[in-house]
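K.L.:
Sharing a sequence plus its predicted fold:
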Amino acid sequence: MEQPQSRRRPPRAKLKMPLIGNMLGGGNNSSAKDPSVLSSKFTPFIIAAVVIIYGFEYFRGKNDKSRVFQGSDEIEEMAWEGKIVKKWANVIPPNGDVHFVIQFTNTTGEVQTVDLGNEKTGFGDLVMPKNTIVKKAGSYQVTLKRYFKNDTTITLKY
């Protein structure tokens, strides 16, 4: 009693991911050449480099030049003396809160960015680019020096 041989179909080729190709060993057809440049041995190194760069950006210290100072405690500790370079407003969608952000250069040439956040005196409306601001560390009193108006001292309130 011989059993008839069942017809077996040849194994199907495994699906390949676009741009990555045969990186994960997907396919038995090793004789076919893959035209994709990114499906080489360098793809894992590229992925590792991207992860390292994003990790570095995530764990950067507080001494970063692009750091945004926000909150009443950080603003009180800062000493300002310099010219305003940019001023803009961020609108927070759920309630429509307006956060004024100012960017100024110190006397040393260092650029600092301050988010005024929940400041209630309207300081963001009074300042303009090219104005000079002076603030001592440990106080909320800011002296605003303008071209065509007298110097104004404003006390920030949070």
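P.N.:
Nice, thanks for sending it over. In this text, all values refer to a predicted model and were calculated from it rather than measured experimentally.
K.L.:
The helix or strand of the chain with the lowest mean pLDDT pairs with which strands, and in what direction?
P.N.:
Across the helices and strands of the chain, mean pLDDT, DSSP states H and E gives its lowest value to strand 68-70, namely a mean of 83. Strand 68-70 sits in its sheet next to strand 111-115 (parallel), going by DSSP bridges.
K.L.:
Next, the buried residues of the helix ranked longest in the chain.
P.N.:
Using DSSP state H to define each element, the chain has its longest helix at helix 43-58. Going by neighbour count (16 or more other Cβ atoms under 10 Å), the buried part of helix 43-58 is Thr43. In short, each C-beta sits where N, CA and C put it, glycine included.
K.L.:
Rounded mean pLDDT for that helix, please.
P.N.:
Per-region confidence: helix 43-58 scores 87 on mean pLDDT.
K.L.:
Now do that helix: which elements does it pack against?
P.N.:
Here helix 43-58 touches no other helix or strand, going by 3 or more Cβ pairs under 8 Å, 6 or more residues apart in numbering; DSSP states H and E.
K.L.:
Now do it: distance to the chain's middle.
P.N.:
Here helix 43-58 is found 16 Å from its chain centre; the criterion is Cα atoms, centre = their mean, to the nearest Å.
K.L.:
Can I get it in CSV, CA atoms only?
P.N.:
Output in CSV follows, covering the C-alpha atoms of helix 43-58 (Å, rounded to 0.1, in the frame of the first residue of the first chain):
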residue,chain,number,x,y,z
THR,A,43,21.5,50.1,8.7
PRO,A,44,22.0,49.0,12.3
PHE,A,45,24.8,51.5,12.7
ILE,A,46,22.6,54.3,11.3
ILE,A,47,19.7,53.3,13.7
ALA,A,48,22.2,53.2,16.7
ALA,A,49,23.6,56.6,15.8
VAL,A,50,20.1,58.2,15.6
VAL,A,51,19.2,56.7,19.0
ILE,A,52,22.5,58.0,20.5
ILE,A,53,21.9,61.5,19.1
TYR,A,54,18.3,61.6,20.5
GLY,A,55,19.5,60.3,23.8
PHE,A,56,22.1,63.0,24.0
GLU,A,57,19.5,65.7,23.2
TYR,A,58,17.2,64.2,25.9
